[in-house]
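Okay, here's the prediction I keep looking at, along with the sequence it came from:
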Amino acid sequence: MIEPGDGSAAPGSAQPDPPPASPPMPAVVLSVAALLGSFAALFHIDIPILWFLRSHNLSALQSLGDLGEKLGNGGTLITISVLLLAAGYVLKRQALTRVALDSLLAHGAVAILVNGLKHIIGRPRPRLTHSGGWQWWPSLDSGLDSFPSGHTSATVAVVTVLARALPRFRWLPFALAAWVGASRVWRGSHFPGDVVAGMVLGFVVGSIFNGPLRWWGRSCGQALIRIAPVVLSLTGLFWVLTHRIVDPMTDHILLASGAMLVAGGMALRMSGQPKPMPEGGITGAAASDSLVGLGLGVATGAPVVIGLTGVWCFARWSGAVAATTSCSSALSSFRQRILYAAGVIVAVAVIQSLKGLVPLQ
């Protein structure tokens, strides 16, 4: 299977691609549970976030939002894929041609899936939401098609495929996709939950088209495991923003506990190159990731986030032997270890500084 950003196993080679590793079923099930729990939490705070955005003048971000809307437009995405297809044909680069074709197929598949879900679910757009809730009901009416975000899903699906052609700069297309998703919230076109759902669907569909379709089940399972920590991080961010500190003493205790867990995970990760444990054991990378992730969850002081983080930790442990997530890679250089440590420390500081900035009431 060709993973996003992986330059191996070029399409059209004489030797067939090896089948992707089959993800452990417990890891897939627990990852799905973490995703569903994250969506439940996001739906609880979607409307307060909407009210906050409506109460502030975000004109400075409006132009960026307009550019993001144009970038995530279907016509723009198709144009990019067609240009790459033409470039691959002219330059006789079969790998580039295959990537362009796969991106077009992924775009078409996710468009059909998302538009069907939009009208089956029938969630109102933010502009039509004026109370503390909404009615989930199938509808073909305009404006009752908010969930999931079509721009986000299409953009993520396309960039997940196109990132194959950028092994060293695969972060760039995903950064642009994040910009498109954020712009849908800035413009008031979608709730955060709509955007996150579009991101999940786009990544899963894009991952399926990054390999032979006969292995779509394995590709889907791996994609769900890989996207779960990203969704959990976004959920934790939104939850922290919308909930004030109720008991400062308890919050300080949880913050200190989380910092100790993070420090333990960082020490384990930076102590040396992680090596797999015997069969049935847990890799050093998995233990490190779990400690750091659980520590960040505990530092939020939010029981919902802590619980969801615990579910993800079990999923991480379940898939440790198969090493199905990108987090299992070792930090081979001193620079990587320093950046990792700095990023984790900044994450703890950001969590504490953002608590309650957008209160529910």
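Received the coordinates, thanks.

CA atoms for contacts and neighbours, from now on please.
OK.

hey, where'd the helices end up in this structure?
Taking DSSP state H as the criterion, the chain contains helices spanning 25-54, 59-71, 74-90, 94-121, 150-162, 171-186, 192-208, 216-242, 248-270, 284-300, 303-318, 334-354.

Tell me which of the ones you listed lies nearest to Gly143.
Checking the helices of the chain against Gly143 by Cα to Cα gives helix 94-121 as the closest, at 10.0 Å.

tell me the angle of that closest one relative to helix 74-90?
160 degrees (axes from the mean of the first three to the mean of the last three Cα atoms, to 10 degrees).

List the buried residues in helix 94-121.
In terms of neighbour count (16 or more other Cα atoms under 10 Å), helix 94-121 has its buried residues at 94-111, 113-115, 117-121.

now it, how far from the chain's geometric center?
Helix 94-121 has its C-alpha centroid displaced from the chain centroid by 18 Å (Cα atoms, centre = their mean, to the nearest Å).

how big is the angle separating that helix from helix 192-208?
What separates the directions of helix 94-121 and helix 192-208 is an angle of 140 degrees, with the same axes, to 10 degrees.

average pLDDT across helix 94-121?
For helix 94-121, the per-residue pLDDT values average out at 94.

returning to what we had before: between the helices of the chain, which gets nearest to Thr129?
Proximity to Thr129 (Cα to Cα) singles out helix 25-54 among these, at 8.2 Å.

about what we covered before: just the helices of the chain: most buried one?
Each of these was assessed for mean neighbour count using mean count of other Cα atoms under 10 Å. The highest is helix 150-162, with a mean of 31.

got the contact list for it?
In this structure, residues lying in contact with helix 150-162 by Cα atoms under 8 Å, 6 or more residues apart in numbering are 4, 69, 72-74, 77, 99-100, 102-104, 106-107, 110-111, 114-115, 173-174, 177, 180-181, 184, 195, 197-207, 209-210.

Can I get it as CSV, trimmed to CA atoms?
Once side chains and other backbone atoms are set aside, the C-alpha atoms of helix 150-162 remain, and they are given as CSV (Å, rounded to 0.1, in the frame of the first residue of the first chain):
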residue,chain,number,x,y,z
GLY,A,150,-18.2,19.3,1.6
HIS,A,151,-15.3,21.7,1.1
THR,A,152,-13.3,20.1,3.9
SER,A,153,-13.9,16.5,2.9
ALA,A,154,-13.1,17.1,-0.8
THR,A,155,-9.9,19.0,0.0
VAL,A,156,-8.6,16.5,2.5
ALA,A,157,-9.4,13.6,0.2
VAL,A,158,-7.5,15.2,-2.6
VAL,A,159,-4.5,16.3,-0.6
THR,A,160,-4.2,12.9,1.1
VAL,A,161,-3.6,11.5,-2.4
LEU,A,162,-1.5,14.3,-3.7
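
by how many degrees do it and helix 74-90 diverge?
Note on geometry: by the same axes, to 10 degrees, helix 150-162 and helix 74-90 are set 20 degrees apart in direction.

Which residue is the nearest non-sequential neighbour of Gly193?
If you skip the residues right next to it in sequence, Gly193 has Leu42 as its closest partner in space, 5.5 Å away by Cα to Cα, 6 or more residues apart in numbering.
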